[in-house]
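K.L.:
give me a 3D structure for the following:
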Amino acid sequence: MSQQTRWSQFGVLISVFFFWGFVAASNDILIPVFKEKLHLEQWQSQMISFAFYVAYTVGALIYFFISKASGGDILNRLGYKNGICLGLVISALGTLLFYPAAQTASFTLMITGLFIVGLGFSLQQTAANPLAIVMGPRQQGSQRLSLAGGINNFGTTIGPVLVSLAIFGSIGGAAQVADISAVKTPYLVLGALFLLAALIFKFSSVPNKIELDEETAESIVASPTDIPDHLVPVAQGGALSHSQLWLGMIAIFLYVGVEVSTASNLPLFMEQHVKGADGSAFPTEQVAPFVSLFWASLMMGRWTSSVGAFGVGRSLQSILRFVMPYLAFGVFLLINKLA
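P.N.:
The predicted structure follows:
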């Protein structure tokens with residue numbers, strides 16, 4: 001799998017990256033709406049983000065302990081493609097809770113649904129990230145992951161816009177009454193798309209197992225001490241004995257913490273520090289384009305950093321690095337213009 005990037009397989013794989021971003025950024029619209037309508041404190045409204053992201057930690061711990069108790073990695077037995085399918089089904093079950101949550105304006109039901117969606121995403125990411133890395137030349141693996149992250153940010157850019165449309169009936173327009181019951185529609189549609197994606201994955205050519213290519217296998221046999229860092233057997237001191245892993249975990253923790261806390265508190269920041277057209281506090285129904293722009297700014301960086309994944313020459317890479325930020329910003333403008 002190391003000679004050429006398998007774009008047909010990669011195209012199917014990155015669909016789940018879009019879903020992760022769509023739901024994550026949609027939370028940023030739900031936070032101020034539920035806070036206002038249910039008269040929540042700011043810390044209580046932040047439970048929307050907390051419930052969603054803590055599900056990743058819980059899911060990872062469940063995965064770890066089940067693997068440890070069963071004597072082997074779950075995905076190596078279940079299969080990576082099958083793992084993504086199972087994760088999509090779990091997430092689809094979580095979206096079903098949005099119907100009673102929206103009908104009864106139940107905050108508890110909603111964050112429970114988000115928690116279950118996050119559990120499914122946790123399993124999907126555990127399987128999808130290594131697949132993105134091995135679907136082509138190893139030296140371009142990180143850039144393929146950046147490209148997949150760019151698709152994730154496309155989801156984060158469009159998510160707030162669509163959810164705001166569902167709740168308020170417009171984007172950045174005149175003040176309208178928020179309709180919490182309208183939340184159920186986009187999430188039920190999303191659940192149906194999860195199930196459709198699971199079917200597509202099941203019958204796709206996405207590999208179910210990760211096999212070492214001949215070059216890597218031969219190098220391990222010929223010179224066991226010259227194994228690439230990401231292929232060092234866990235038996236040599238365990239995974240956490242490798243500084244790349246635990247330092248990477250710290251870096252991701254800090255990065256995601258800054259990213260998510262900024263987006264989820266942006267509506268409150270604008271309410272307190274930005275005035276509306278009539279001089280009053282900035283209205284919640286007009287915040288979606290700004291949340292979308294925050295995530296689009298990250299999309300600009302990720303699209304730019306992923307140009308090496310296409311395997312083009314250096315001259316064309318230089319051109320693409322210049323073009324990509326403008327292309328990503330143009331996508332943001334188009335999405336909000338259409339909305």
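
K.L.:
so, low pLDDT: which residues of the stretch 151-300 of the chain?
P.N.:
For the stretch 151-300 of the chain, the stretches flagged by pLDDT under 70 are 170-178, 212-237.

K.L.:
mind redoing it with 80?
P.N.:
169-180, 211-240, 276-277 (pLDDT under 80).

K.L.:
quick check: buried residues in stretch 50-62?
P.N.:
Within stretch 50-62, the residues that count as buried by 16 or more other Cβ atoms under 10 Å are 50-53, 55-56, 59. Just so you know, the C-beta spots here come from the backbone N, C-alpha and C atoms, and that holds for glycine as well.

K.L.:
what's the answer for stretch 203-213, then?
P.N.:
Buried residues in stretch 203-213 (16+ other Cβ under 10 Å): 204, 206-208, 210.

K.L.:
residue boundaries of the helices in the chain?
P.N.:
Remark: helices assigned in the chain by DSSP state H are 7-37, 42-45, 47-70, 74-78, 80-96, 98-104, 107-134, 141-168, 184-202, 214-222, 243-273, 288-305, 314-338.

K.L.:
by contact count, what packs against the first one?
P.N.:
Right, helix 7-37. helix 42-45, helix 47-70, helix 80-96, helix 107-134, helix 141-168, helix 184-202, helix 243-273, helix 288-305 (3 or more Cβ pairs under 8 Å, 6 or more residues apart in numbering; DSSP states H and E).

K.L.:
about what we covered before: for Ala281, which of the helices of the chain is the nearest?
P.N.:
Nearest to Ala281, of all the helices of the chain, is helix 243-273, at 4.9 Å by Cβ to Cβ.

K.L.:
show me what counts as buried in the closest one.
P.N.:
For helix 243-273, burial by neighbour count (16+ other Cβ under 10 Å) applies to 260, 263-268, 270-271.

K.L.:
and of the residues you listed, the nearest to Leu316?
P.N.:
Using Cβ to Cβ, Ala263 is the member of the buried residues of helix 243-273 that sits closest to Leu316, with 33.3 Å.

K.L.:
you'd agree that closest one is up against Ser292?
P.N.:
No. Using Cβ atoms under 8 Å, Ala263 is not in contact with Ser292, being 10.1 Å away.

K.L.:
who touches both of the two?
P.N.:
The contact sets of Ala263 and Ser292 overlap at Ala25 (Cβ atoms under 8 Å, 6 or more residues apart in numbering).

K.L.:
re the thing from before, CSV please, covering the buried residues of stretch 50-62 and showing pLDDT and distance to Thr108.
P.N.:
Formatted as CSV, those follow (pLDDT from 0 to 100; distance: Cβ to Cβ, whole Å):
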residue, pLDDT, distance to Thr108
Phe50, 94, 13
Ala51, 95, 10
Phe52, 95, 14
Tyr53, 94, 18
Ala55, 96, 15
Tyr56, 95, 20
Gly59, 96, 20
